[in-house]
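> no FASTA, just this:
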């Protein structure tokens with residue numbers, strides 16, 4: 001028995017797409033219909049196009065949600081980084097890291113240098129690339145992490161807070177060096193790095209050389225143990241030079257053409 005395809009009105013079609021949760025097809029229904037009228041594809045090609053459009057829309061939506069969840073302080077990529085000004089770091093090295101082999105190998109990245117040389121920019125750029133490739137990322141400053149850990153300590157939820165953070169594939173810990181940790185803070189920060197060791201990747205930025213990290217922790221032994229795990233599988237990049245922010249402040253605005 002040959003079945004005939006009955007005509008369908010716009011309202012019924014939209015209701016069906018809504019029930020099936022095919023939001024992107026429903027939102028672009030007019031464009032899809034116009035394209036079909038112009039190109040007259042085969043039924044199989046047209047169905048394939050519909051499915052591809054829905055998949056693409058869902059992937060973009062998921063990417064937007066993951067970018068929002070990552071809590072990056074700004075959106076900047078490697079293409080936005082001025083390697084001509086900050087020439088102490090190899091552009092090729094960063095491009096290679098953006099391939100994310102370090103993330104798949106559960107390795108870390110440590111970016112060292114004085115304020116304003118682009119450490120956070122590079123950390124965010126690599127984090128955004130990880131999100132674009134489907135990984136879960138969390139950005140947190142050392143100050144915010146300390147506040148979270150002390151808050152969790154007060155209500156006995158430290159383990160839950162750490163596990164929540166380490167559910168991400170990549171944790172970007174920014175500005176380690178501006179906050180000194182007491183005995184409890186040092187212990188919990190060490191626990192975090194110990195839990196992440198060989199299971200999750202970290203990107204850490206710091207204004208301090210490694211020999212000065214001892215003053216961040218309550219005991220030098222804790223700092224040594226922290227560094228031992230952080231650096232065992234790590235790419236260390238040291239940035240030097242002048243601050244971007246100072247350069248922009250000192251550069252006079254361009255004069256308009258006469």
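Cool, got the structure. Just so it is clear, the model here is predicted, and its values are computed rather than measured.
> how about the strands in the stretch 51-200 of the chain?
Assigned by DSSP state E, counting those that start in this stretch, the stretch 51-200 of the chain shows strands spanning 108-112, 137-141, 170-176.
> for the nearest residue to residue 139 once chain neighbours are set aside, give me its contacts.
Leaving aside its sequence neighbours, residue 139 sits nearest to residue 172 (CB to CB, 6 or more residues apart in numbering; 4.4 Å). All C-beta spots, glycine's among them, are computed from the backbone N, C-alpha and C. Counting by CB atoms under 8 Å, 6 or more residues apart in numbering, residue 172 makes contact with 123, 124, 126, 127, 137, 138, 139, 140, 202, 203, 205.
> again, only using 7 Å
123, 127, 137, 139, 203 (CB atoms under 7 Å, 6 or more residues apart in numbering).
> which two among those are spaced furthest apart?
Distance extremes for the contacts of residue 172: the farthest pair is 123 and 137 at 10.3 Å, using CB to CB.
> where does pLDDT dip in this structure?
Within the chain, the stretches with pLDDT under 70 are 1-3, 244-258.
> which helix runs longest in this structure?
helix 43-70 (DSSP state H).
> so how many other residues sit close to the nearest residue to residue 192 once chain neighbours are set aside?
Beyond its immediate neighbours in the sequence, the residue positioned closest to residue 192 (CB to CB, 6+ apart) is residue 162, lying 5.5 Å away. Using other CB atoms under 10 Å, residue 162 has 19 neighbouring residues.
> contacts only, for residue 162.
The neighbourhood of residue 162, defined by CB under 7 Å, 6+ apart, consists of 191, 192, 195.
> what separation is there between it and residue 8?
Remark: distance between residue 162 and residue 8 (CB to CB, to the nearest Å) = 53 Å.
> quick one: which of the strands of the stretch 51-200 of the chain is nearest residue 217?
Distance to residue 217, taken as CB to CB, is lowest for strand 170-176 among these, at 10.8 Å.
> can you count the residues close to the closest residue to residue 199 other than its chain neighbours?
In space, and not counting its chain neighbours, residue 199 is closest to residue 106: 6.3 Å by CB to CB, 6+ apart. Residue 106 has 16 neighbours, counted by other CB under 10 Å.
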